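Asker: whatever this is, show me its structure:
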Amino acid sequence: MNPIVIATNNPNKIREIHAILDGAFEVKGLRDIGCTEELPETTGTIPGNAVQKAQYVFDHYGVDCFAEDTGLEIDALNGEPGVDTAHYAGPERDPIANMDLVLRQLDGRDDRSARFRTVIALIMGGELHLFEGVAEGRIAYERTGQGGFGYDPVFIPEGYDQSFAVLPSIVKQTISHRAKAVEKLKTFLMKR
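Answerer: Numbering: from 1, shown residues only. You can find the predicted model right below:
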């Protein structure tokens, strides 16, 4: 099995990406390569942050790796939280506070259209490759479900009437923004 390093220590992301890759690659997190520091995310864009994190790991640890950055873009909020998705309600990165803030800001609004956007930056052999995945949907009126992580309890993907947190993980692993980006990454890696 071929190992691949993802520039995160988030166990939820590692588990989800490992499941999408379906055993084609051994997924290692940052701790597996001795990286415990917080990676920079200061570019102000989703693709920029993905590239910045991957480049940091490549430059400081000398390993091929990929990093992803994801943002929730809500039309009625002019694309917010966007690049600030993880810390929308504050630096604590509290998912409940983030979701509650979004729900308050959308209170009384009919337009609840939104999308999750993931960009993966792969640095392999010193070359940069980008892969994007988008999941269109809408924001629910309240949190539902116990599954998933982040904003999953308030995001209802297009074509479904349940949130990502309610849908079985096997469904999310095929329709999510991250799944779409990881599938593109997997296709690229399998050809190498």
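
Asker: tell me who's in contact with the residue in the chain sticking out farthest from the centre.
Answerer: Seen from the C-alpha centroid of the chain, the residue lying at the greatest distance (Cα atoms, centre = their mean) is Gly108, 28.1 Å away. With Cβ atoms under 8 Å, 6 or more residues apart in numbering as the criterion, no residue contacts Gly108. For every residue, glycine as well, the C-beta is placed using N, CA and C.

Asker: could you measure it against Ala140, distance?
Answerer: Per Cβ to Cβ, to the nearest Å, Gly108 is found 15 Å from Ala140.

Asker: which SSE is the residue most central in space within the chain in?
Answerer: Computing the C-alpha centroid of the chain and ranking residues by Cα atoms, centre = their mean puts Thr70 first, at 3.9 Å. Assigned by DSSP states H and E, Thr70 belongs to strand 65-74.

Asker: partner strands of the helix or strand immediately after that strand in the chain and their direction?
Answerer: Using DSSP H and E, the next helix or strand after strand 65-74 towards the C-terminus is strand 81-82. Strand 81-82 sits in its sheet next to strand 65-74 (antiparallel), going by DSSP bridges.

Asker: and stretch 134-147, how far out from the chain middle?
Answerer: 15 Å (Cα atoms, centre = their mean, to the nearest Å).

Asker: for that stretch, how far is the first residue from the last?
Answerer: Length of stretch 134-147, first residue to last, Cα to Cα, to the nearest Å: 20 Å.

Asker: convert the C-alpha atoms of the longest helix along the chain to CSV, please.
Answerer: Taking DSSP state H as the criterion, the chain has its longest helix at helix 46-61. Output in CSV follows, covering the C-alpha atoms of helix 46-61 (Å, rounded to 0.1, in the frame of the first residue of the first chain):
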residue,chain,number,x,y,z
ILE,A,46,-9.3,28.6,0.1
PRO,A,47,-6.9,27.6,-2.7
GLY,A,48,-4.2,29.8,-1.2
ASN,A,49,-4.5,28.3,2.2
ALA,A,50,-4.4,24.7,0.8
VAL,A,51,-1.2,25.5,-1.2
GLN,A,52,0.4,27.3,1.8
LYS,A,53,-0.1,24.3,4.1
ALA,A,54,1.2,21.8,1.6
GLN,A,55,4.2,24.0,0.8
TYR,A,56,5.0,24.4,4.5
VAL,A,57,5.0,20.6,5.0
PHE,A,58,7.1,20.0,1.9
ASP,A,59,9.6,22.8,2.8
HIS,A,60,10.0,21.8,6.5
TYR,A,61,9.6,18.0,6.4
